[in-house]
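A.B. asks: show me the folded form of this:
(one chain, ligands or ions: 1)
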Amino acid sequence: MKPSCHLPSRRNWLLTSLGLSAATVAPWLAHADNDDHDFEHEVSSNISLALAQTNVSGHVVVVGGGMAGASTAKYLRLWGGAQLHVTLIDTDASYTSNIMSNLVLTQQRTLGSLDYKRDVLASSYGVTVVQNRVTRLDTANKQVILASGAPLSYDRVVVASGVEFMPAYGLTVSDYETKTPHAWRAGSQTSLLATQIDAMVDGDTFVMTIPLAPYRCPPGPYERACVVADLLKRTGRGNARVIVLDENPGIQAESGTFQNAFSFVHAGVISYQSNASNIQINPDTKVVTYSVGNGAMQTINAKVVNPIPPHRAAGIGASTLADNDTAGWFALAGLNNNTNTSYARRWALVDPLSYESRAVPYVHVVGDAAQCGLPKAGHVGNQEGKICADAIVRLLGGGAPDSAPVANSACYSPITANTASWLTAVYQYDVSSSEMKVASNGGLTAGGAAVESASISSRNYTQMGVWFNTLMKDTFA
Ligand SMILES: Cc1cc2nc3c(=O)[nH]c(=O)nc-3n(C[C@H](O)[C@H](O)[C@H](O)COP(=O)(O)OP(=O)(O)OC[C@H]3O[C@@H](n4cnc5c(N)ncnc54)[C@H](O)[C@@H]3O)c2cc1C
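C.D. replies: Numbers count the residues shown, from 1 in each chain. Okay, here's the model as predicted:
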């Protein structure tokens, strides 16, 4: 049944407030005519899904249309109904999935196969999708400011802008782009790293570094080491070396799986070093130096260096991204309020019942930019988006968020070209810490732990494809 809406026209308001003309907006909006048909009617009559009639109305702006933001926008419309207006803003025309991007390095996938458009969010759910950059949050006046300078008013704003990467190990942000790619956001750096690996010859050395946790995708770096080692072996470069310099005291996820992979499956190729410190990388010579504990400095002459630098919520640094540069819009809005001593002011502390910032009312933060006890992962971002959407719908309807949210995380890691492992956990809200904690046997346990697959198998590899397609469909379609 088609919803009937009789709200005042908002089309002109929307176009003007976005600083856009009809020609530059999503097609369904551009087709809305200029006569006395109201904007709501145009939206409702052009989307393919009949949305629920609820008592909820308002305008939610979502900043960032990646894993967390796209999920939030979709489910806000799905659960909020036809009178809840949702505008999704992203700098990019489409989204390139980080998940599976390690397989671009091994040429098992193309970047194009990881490209997700946001058209269906508009055409099926009536999300207003806008390609633009958010440059400021005016939280006093509840407005999002775009690069064009146009203010966009909100009842609630959801920030899902992901992460930005800091200069580290003697490298600049420009070095990441041109010489020593981190490729920890899929895109041109992924292609550059793939090309560099392709040019390695037998006997060459590949060095990767892992920053102190929390970082994006806990098993991801170890997965990358495995698939690169596997590629080198499969392509006649079995005497090449993959050296992993981990700043953490040990493997951060799926430790059983990766210890097995490093010691047996890829024995002789992968060398793993925990507690690596004082890492310095020369972007031109590819000489890497580091130490462990009080030990002497070690030197590696690498062919390819893949530093995964420390990162933080996107929008903290305005230009240099240095530790003392907090002139970005996220920081200026006061959202980077975490106090953990080793990485203070890098993330947004949020209430896991609603993902509302603990510092700034009416601003919610989901995905990698948030800190609430959940790992930084795309599957988790999708879950957080749904919990946040549900909470906002309840709040706009005059209620309170669900007091006992549950989230799950699932992740598959390729270990070779045709085998994979997996990791999963269920999280529940823990009242005493006000954080999400791993649940065990249906109840909370202090030491609850994620569960990893008992073996590395080809069956897991097949299931990985099913999981990935399902997750991306739930997020973008
Ligand atoms: C190699 C690799 C493998 C991974 N594998 C897995 C896996 O197997 N499973 C898993 O669950 N996770 C995995 N991850 C992690 C996952 O990709 C991230 O955790 C997830 O993408 C985070 O979602 P997000 O929405 O917070 O950020 P993102 O997905 O990065 O989205 C952020 C969006 O915000 C936009 N944006 C930023 N700033 C602005 C602005 N100022 N204005 C407008 N838009 C803006 C960006 O353009 C982007 O589209 C992997 C990551 C990597 C690097």
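A.B. asks: number of residues surrounding residue 391?
C.D. replies: 23 (other C-beta atoms under 10 Å). Quick note: C-beta positions are derived from backbone N, CA and C, even for glycine.
A.B. asks: for the ligand, what are the nearby residues on this protein?
C.D. replies: Residues of the chain lying close to the ligand by C-beta under 6 Å from any ligand atom are 63-69, 89-92, 95, 98-99, 101-102, 133-134, 160-162, 184, 216-217, 220, 314-315, 367-369, 376-379, 381, 411.
A.B. asks: state whether residue 228 is indeed within a helix.
C.D. replies: Yes. According to DSSP: H, G, I helix; E, B strand; the rest coil, residue 228 belongs to a helix.
A.B. asks: just use 80 as the starting number from now, easier for me
C.D. replies: Yes, from this point I'll number from 80; that puts the last item at residue 307.
A.B. asks: let me see the contact set for it.
C.D. replies: Neighbouring residues of residue 307 by C-beta atoms under 8 Å, 6 or more residues apart in numbering: 184, 185, 276, 285, 287, 321.
A.B. asks: switch the cut-off to 10 Å
C.D. replies: 181, 184-185, 272, 276, 279, 285, 287, 319, 321, 345, 348-349, 383, 385 (C-beta atoms under 10 Å, 6 or more residues apart in numbering).
A.B. asks: same question for residue 279.
C.D. replies: The contact partners of residue 279, taken as C-beta under 10 Å, 6+ apart, are 285, 307, 310, 311, 314, 316, 319, 320, 381, 382, 383.
A.B. asks: assign a three-state SS to the fourth one, would you?
C.D. replies: Spelled out, it's residue 311. Going by three-state DSSP: residue 311 is helix.
A.B. asks: next up, phi/psi of the residue nearest to it when sequence neighbours are not counted, please.
C.D. replies: Spatial nearest neighbour of residue 311, chain neighbours left out: residue 319 (4.4 Å); criterion: C-beta to C-beta, 6 or more residues apart in numbering. Main-chain dihedrals, residue 319, degrees, to the nearest 10: phi -70, psi 160.
A.B. asks: just the one 4 residues further on next, same as before
C.D. replies: In terms of degrees, to the nearest 10, the main-chain angles of residue 323 are phi -110, psi 120.
A.B. asks: measure stretch 312-332 end to end?
C.D. replies: In stretch 312-332, first residue to last residue: 24 Å (C-alpha to C-alpha, to the nearest Å).
A.B. asks: and the residue of the stretch 380-529 of the chain closest to the ligand?
C.D. replies: Nearest to the ligand, among the residues of the stretch 380-529 of the chain, is residue 446, at 2.3 Å (C-beta to the nearest ligand atom).
A.B. asks: of all pairs in the contacts of residue 279, which one is the farthest apart?
C.D. replies: 314 and 381 (18.4 Å; C-beta to C-beta).
A.B. asks: which one's more surrounded, those two?
C.D. replies: A count of neighbours by other C-beta under 10 Å puts residue 381 above the other of residue 314 and residue 381, at 21 against 15.
A.B. asks: and the residue of the stretch 230-379 of the chain found nearest the ligand, how many neighbours?
C.D. replies: Closest contact between the stretch 230-379 of the chain and the ligand, by C-beta to the nearest ligand atom, is at residue 241 (2.8 Å). The local packing of residue 241 (other C-beta under 10 Å) involves 22 other residues.
A.B. asks: doesn't residue 448 make contact with it?
C.D. replies: Yes. The criterion here is C-beta atoms under 10 Å, and residue 241 meets it with residue 448 at 6.4 Å.
A.B. asks: find residues that contact each of those two.
C.D. replies: Taking C-beta under 10 Å, 6+ apart as the criterion, residue 241 and residue 448 both touch 143, 147, 148, 392, 393, 394, 455, 460.
A.B. asks: make TSV out of the residues you listed and add neighbour count.
C.D. replies: Below are the shared contacts of residue 241 and residue 448 laid out as TSV (neighbours: other C-beta atoms under 10 Å):
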residue	neighbour count
143	30
147	32
148	30
392	26
393	25
394	27
455	22
460	28
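A.B. asks: I'd like the average pLDDT over stretch 299-318.
C.D. replies: Stretch 299-318 shows a mean pLDDT of 98.
A.B. asks: in the stretch 330-479 of the chain, which spans are strands?
C.D. replies: Secondary structure of the stretch 330-479 of the chain (DSSP state E, counting those that start in this stretch): strands located at 349-352, 355-360, 366-371, 377-380, 383-386, 390-392, 427-430, 435-436, 442-444, 449-450.
A.B. asks: check what contacts stretch 180-192 and list those residues.
C.D. replies: 175-176, 179, 193, 262-270, 272-277, 296, 299-300, 302-307, 309-311, 313-314, 385, 492-493, 495-497, 543.
A.B. asks: run the chain-centre distance for it.
C.D. replies: Here stretch 180-192 is found 18 Å from its chain centre; the criterion is C-alpha atoms, centre = their mean, to the nearest Å.
A.B. asks: check stretch 252-270 too.
C.D. replies: 16 Å.
A.B. asks: for stretch 401-418, buried residues please.
C.D. replies: For stretch 401-418, burial by neighbour count (16 or more other C-beta atoms under 10 Å) applies to 402, 407, 408, 409, 410, 411, 412, 414, 415, 416, 417.
A.B. asks: I meant stretch 199-214, not that one.
C.D. replies: Within stretch 199-214, the residues that count as buried by 16+ other C-beta under 10 Å are 199-211, 213-214.
A.B. asks: show me which positions of the longest strand along the chain end up buried.
C.D. replies: If you go by DSSP state E, the chain has its longest strand at strand 499-509. For strand 499-509, burial by neighbour count (16+ other C-beta under 10 Å) applies to 499, 500, 501, 502, 504, 505, 506, 507, 508, 509.
A.B. asks: circling back: near the residue nearest to residue 311, how many other residues are there?
C.D. replies: Neighbour count of residue 319, defined by other C-beta under 10 Å: 23.
A.B. asks: any idea how far residue 395 is from it?
C.D. replies: Distance check for residue 319 against residue 395: by C-beta to C-beta, to the nearest Å, it reads 37 Å.
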